[in-house]
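Quick check, what structure comes out for this input:
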Amino acid sequence: MPASGNRPAAHRVFRLIWWLSNALLLLALVATVCAGVWEYSVREYLRGFSDAIVPEASTPIDKVEAILGWMRNGPPRLEVTSPSDVSPRDPQDTLNYRQLLTVCGSATNAFLNLSRSAGLRARRLLLLSPDRSAKHVVAEVLLDNRWAVVDPTYRAILQDSHGNLLTRRDLQDPRVFEEATSLIPNYIKAYSYESFAHVRLAAIPLQGFQIRQRLDRYLPGWDEYVDWSLLLERRSFMYLFISGSSLIFLTVGRIFLAWLADHRLRVPRFHFRENLGRATAAFFTSPEIK
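You can find the predicted model right below:
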């Protein structure tokens, strides 16, 4: 407990922190609601888009073929004169602009969004060069209980000469890789599968902390536990996640500050629930007539 002479100053500091936390909590609440509405509208847009492309009764592999067929032979697309005018992380842009459907990252983004809306389990896969930089981006789709590789840039499901679906582990075999890619016109052979990841932590600063090595050691398979593709590739969902997480964090912090005010600092504060209860009771209670 602070000395009595220091209490007024401590109380002033606490009140500043208290009202700041309330303002941030309100801001986080508004941001969460706005991001939630944005994400809902994006999902509705994608649902309508995928319903127009993918027959409802299709098998999972037929759904993949339908999406790739639309990407390959779809209607004329919009053109953009300046790449900065569109976002590779906005589904409405990636699905409608020709330039974005020819770049591996945004083409995979478009494929993943449509796949999820069609009820498929899909995720992105980064193919890495020896220096851990991304050289190509493909997708993995759960087909026949296997994570089959789909390359949206080339509009192709990777298969061997017998039509068997291939996983990233299968494609690490040079013979299988050569057999599968020889069926894809103009495939760049440098896009091989020796090294891959779902999340490229090399892009994050402070690599001296060896983030990936520590995560791989203490949480093996961590990058497959969560759908990182949705978080990293869709802006609306990322903002919803950040604002929602902030709302939870600030709510817990406010609860702690309220406990601190009531049980340690003895600072009088506005009790919202109590005052709301009193106001409600006063509104619905008939006044006494003397």
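
How far off centre is the helix of greatest length in the chain?
The longest helix of the chain (DSSP state H) is helix 7-53. Mean-position distance between helix 7-53 and its chain equals 17 Å (Cα atoms, centre = their mean, to the nearest Å).

Sort out which residues of stretch 167-179 are buried, please.
Neighbour-count burial for stretch 167-179 flags 167-168, 170-171, 176-177, 179 (criterion: 16 or more other Cβ atoms under 10 Å). (Each C-beta comes from the backbone N, C-alpha and C, glycine too.)

With stretch 116-136 instead?
116-118, 120, 122-128, 134-136.

Closest to residue 144 out of these?
residue 120 (12.4 Å; Cβ to Cβ).

what's near enough to touch residue 17?
Counting by Cβ atoms under 8 Å, 6 or more residues apart in numbering, residue 17 touches residue 257.

on that earlier part again, next step: the buried residues of stretch 116-136 restricted to helices.
116-117.

where along this structure do the strands fall?
122-128, 134-143, 146-151, 156-157, 196-197 (DSSP state E).

re earlier: let's have the buried residues of stretch 116-136 in JSON lines, adding distance to residue 40 and pLDDT.
Output for these, formatted as JSON lines (distance: Cβ to Cβ, whole Å; pLDDT from 0 to 100):
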{"residue": "116", "distance to residue 40": "14", "pLDDT": "92"}
{"residue": "117", "distance to residue 40": "13", "pLDDT": "93"}
{"residue": "118", "distance to residue 40": "18", "pLDDT": "93"}
{"residue": "120", "distance to residue 40": "20", "pLDDT": "94"}
{"residue": "122", "distance to residue 40": "20", "pLDDT": "93"}
{"residue": "123", "distance to residue 40": "22", "pLDDT": "91"}
{"residue": "124", "distance to residue 40": "23", "pLDDT": "90"}
{"residue": "125", "distance to residue 40": "28", "pLDDT": "92"}
{"residue": "126", "distance to residue 40": "29", "pLDDT": "91"}
{"residue": "127", "distance to residue 40": "33", "pLDDT": "93"}
{"residue": "128", "distance to residue 40": "35", "pLDDT": "89"}
{"residue": "134", "distance to residue 40": "31", "pLDDT": "87"}
{"residue": "135", "distance to residue 40": "35", "pLDDT": "93"}
{"residue": "136", "distance to residue 40": "32", "pLDDT": "94"}
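
Just send the buried residues of stretch 116-136 back as TSV, with distance to residue 256 too.
Putting those into TSV (distance: Cβ to Cβ, whole Å) gives the following:
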residue	distance to residue 256
116	37
117	40
118	44
120	43
122	40
123	37
124	38
125	41
126	39
127	45
128	42
134	41
135	47
136	47
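
just to revisit the earlier point, same list (the strands of the chain) but as JSON lines, adding distance to residue 74.
Shown next, in JSON lines, are these (distance: least, Cβ to Cβ, whole Å):
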{"stretch": "strand 122-128", "distance to residue 74": "19"}
{"stretch": "strand 134-143", "distance to residue 74": "18"}
{"stretch": "strand 146-151", "distance to residue 74": "17"}
{"stretch": "strand 156-157", "distance to residue 74": "16"}
{"stretch": "strand 196-197", "distance to residue 74": "28"}
